[in-house]
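[1] Provided below are the primary sequence and the corresponding predicted coordinates.
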Amino acid sequence: MSAHVPIPTLRALVSVWAALIVLTGTTVGVSFLELGEWNVVVALLIALFKASLVAWVFMGIRHSNAMTRLFCVAGLVWLCIMMFITFSDYTTRGWTYQAQPWSHPKAGGSH
Amino acid sequence: MATLAHHSAETEIEPVDYLNVEFGWKSWLLTTDHKRIAMLYLISITLMFFVGGAAAVAFRINLLEPEGIFAPETYNRLFSMHGIVMVFFFLVPSIPATLANFFIPIMIGAKDLAFPRVNLLSWYLYVIGAAFTMYAVLRGGVDTGWTFYTPYSSTYSNSYVLAAAFGVFTAGFSSILTGLNFIVTVHKMRAPGMTWSRLPLFVWSNYATGLIQVLGTPVLAITLLLLAFERIAKVGIFDPNIGGDPILFQHLFWFYSHPAVYIMILPGMGVISEIMACFSRKRVFGYNFVAFSSMAIAVLSFVVWGHHMFLTGESMYTGIAFSILSFLVAVPSAIKVFNWTATMYKGSVSFDTPMLYAFGFIGLFTIGGLTGLFLASLATDVATHGTYFIVAHFHYVMVGGMVMAFLGGVHFWWPKMTGRMYPEAWSKFAALIIFLGFNLTFFPQFILGYLGMPRRYHAYPPEFQMLNVLSTAGASVLGIGYLIPIVYMLWSLKYGPKAGNNPWGATGLEWKIQSPPTTFNFDETPIVTEEAYNYGEAEGVHG
Amino acid sequence: MADATVPVSHEPTAEETHLRHHFANSAQQTDASTLGMWTFLITEVLFFGGMFMAYAIYRATFPDAFASTSEYMNVILGGTNTAVLICSSLTMVLAVRAAQLSSRKGLILFLILTMIFGTIFLVIKGFEYTDKWREHLVPGFNFHYAPAQFEHNAQILFFLYFCMTGMHAVHMIVGLGLLTFLIVQAQRRVFNANYFAPVEMIGLYWHFVDIVWIFLFPLLYLIGHRT
């Protein structure tokens, strides 16, 4: 099977390497900008893009079959499931029940 | 080697098989044959089962008296060891590492698992993990419960937590490697013609189990590692006394450990599918639904873990979501139960020992599963979570379900694994004793829980004594029930009648080869041309 | 063994591809090891994922304390290390390419280069750890934090910093061991254009370790520059 995988060209590999170096510089540069909450978002997006480049070219996902691609994404998806649900706990833990106009006046809080 | 066997056939010498092809401890401890590794696992997990069982007997004796017989610390250590040993060293590897290890390659027409040496490594990791845990037991044990909750496992604990946690950590890698091996084997090693829709359901369920092992277990590993680092560095990350967040520990722990209970039950469901089809002489009703329900359970298992944390400070809103999601798991489980029942309908049902265990499984799993719905409901859970109700629920699923399935599977495949039959009357007797003993042990615990007896206490109010004595009596019956098969199975190794290649008249590739199989299972790679469980017209007259 | 008796003329022989007895052909063997490696990488994603989650939770809980740590993080060393690892990934993929081209010398050269980059990374990491010790930033053993109001919560970040970079470094060390193994095998002329799966697999592992660092770098070193 591996004999059928096309041999990557030097040019492709070196340009990915160059892109990764440039993106590293970019992420350092952006971290000095004042973007508030967006700093971490931008940093993570750049990291995700760099990781995708490594996976796509260096790890040969671009020549892989659908099954390998699925496995490649599965770990990330499961990590997202774990993070998403756990964060749903942490973000809603502070919420307290507030009586709404339509709720029964005796059942609700005194707000 | 194969040619040698042909020459010796005329002189009535036993044919070469995986058991007599080589002798000596080296041929076992350095083997890469999946069948020999499965036997190594079978011996190891049986030993661990009796270690865990001994702890259970001890704390059941303690509960004969309302004020307890042992010191509270002793009681805590006993139930913790029972949980840790049974969950991580028996239930998790029980069917995957033994029966599935033995039969998945054969069922799909392969010579071995994809990575035979990794398979052996997984057994060694298991043994190392078990050794560390046993060391912790011998040095005085662990009193955290099997969940290692902080701060029980940090501030308020003796130091053997680290040894036990390291044991579980290592056994976790053993489990990961088993799951990884199954996934790759099922994907890449199937014989020509063995399409996904022709896979035996046992393979499907173990494939789903493999996915859970691979996706969940690493999180347990890192959680225990962080726990260890926390203890060493004394920086709070999980321990509330030094500023950590115990609920974070619980999130990480249950992200593995809830799916882990499906690691413990899915393979059992696969065994039941095989037994049901064989002893009803029918294709499993709704094959596709049963196969995909295994996958559905595997996926859903990862989004319900919060139902273990309704009472521990988790957000109420997340609790509601978890409650709804937990109800969803009942759907694929129910699909399985209904389809097994429908398989028997108009089938030619026979009552051999494996089938008795399968009946036991369906009944007990249904009770265990339905009480799970009580516990998935937020309000009911508040009342019952800290009580024996949850103990009974869990044991109905794990012991009533998985151990029944394990024993059913061992009885079903024993003739293939060893080439010998076990005594029919004794095995039926043992199945009956186990069923009765089990119910006598755990049904009173439902009532105890409903009445409000809290779990994990060494003492209880005197009015609960009657039910506790009943439960302890049941545990003794159950213990004897588990010892009987050990005796007659060992007996059958030497004295049991020769089983022949297909004693049950079952379909499936494993029944088409020699009993016990040769080292490479098949002389030539089989070509599969029919669906699984093809109990066609020719078989219709059986029974 | 049975397979070897029926050689197909135009396919490479079983000896050339190191075909193990339980596989039907080398394509199946390579496919299996590729899928196995990716499955293993999934477990690695979730292994590191547990620490990333702890990091995310605590960063969301104590944003100011976490931001305050950035002045103690050496962006120059961290950034250099990122570049070093990216270079090592390039040499690793070039090693695989050399194997595909049956260039034994190229393979060994690039594997050695990869090892050199990996070692540079670890040495720089060692300097960073030494600095942390000197600045009293090792939680549990030697910790004294200047903005006193953040002393406790910043300690959590440094705890996670050492856990995450430490586990990453352990993976690097394992990787260096694997590369040594590859170099020895390459010296023995094990690999050829029909058989280089171990190079490819260890390459996947190496790239994965690189990817982990690609995420660690912005999360640990670049938290709060702007403030």
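    That came in fine, so what should we check first?

[2] Would you check that B:Ser350 makes contact with B:Phe279?
    Yes - between B:Ser350 and B:Phe279 there is a contact under CB atoms under 8 Å: 5.1 Å. C-betas here are computed from N, CA, C, even on glycine.

[3] Buried residues, the helix or strand hosting C:Met51. List them.
    For C:Met51, the host element (DSSP states H and E) is helix C:26-61. By 16 or more other CB atoms under 10 Å in any protein chain shown, the buried positions in helix C:26-61 come out as C:26-59.

[4] in which helix or strand would I find the residue nearest to C:Gln29 when sequence neighbours are not counted?
    Closest residue in space to C:Gln29, ignoring its immediate chain neighbours: C:Phe23 at 4.2 Å, by CB to CB, 6 or more residues apart in numbering or on different chains. Using DSSP H and E, C:Phe23 falls within no helix or strand.

[5] Give me the neighbour count for C:Phe23.
    C:Phe23 has 23 neighbours, counted by other CB atoms under 10 Å in any protein chain shown.

[6] same question, B:Trp196
    12.

[7] how close does it sit to B:Trp204?
    8 Å (CB to CB, to the nearest Å).

[8] again with A:Arg69
    From A:Arg69 to B:Trp204 the distance is 23 Å (CB to CB).

[9] OK, now which residue of chain C is nearest to chain B?
    C:Gly140 (2.9 Å; CB to the nearest CB).

[10] Return the residues in contact with the spatially closest residue to that residue that is not a sequence neighbour.
    What sits nearest to C:Gly140 in space, not counting adjacent residues and going by CB to CB, 6+ apart, is B:Ala233, at 2.9 Å. Contacts for B:Ala233 (CB atoms under 8 Å, 6 or more residues apart in numbering or on different chains) come out as C:139-141, C:159.

[11] Now restrict the residues you listed to buried residues only.
    The neighbour-count criterion (16+ other CB under 10 Å) marks C:139-140, C:159 among the contacts of B:Ala233 as buried.

[12] What about the residues you listed, which are in helices?
    C:Phe159 (DSSP state H).

[13] Pull the number of nearby residues for the residue of the stretch 251-400 of chain B found nearest chain C.
    Nearest residue of the stretch 251-400 of chain B to chain C (CB to the nearest CB) works out as B:Leu252 at 5.5 Å. When neighbours are defined as other CB under 10 Å, B:Leu252 has 27 of them.

[14] tilt between the helix or strand hosting it and helix C:26-61?
    Assessed by DSSP H and E, B:Leu252 sits inside helix B:246-280. If you take axes from the mean of the first three to the mean of the last three CA atoms, to 10 degrees, helix B:246-280 sits at 150 degrees to helix C:26-61.

[15] which element follows the strand or helix carrying A:Ala18 toward the C-terminus?
    Under the criterion DSSP H and E, the helix or strand holding A:Ala18 is helix A:10-31. Elements were assigned by DSSP H and E; along the chain past helix A:10-31, the next helix or strand is helix A:38-53.
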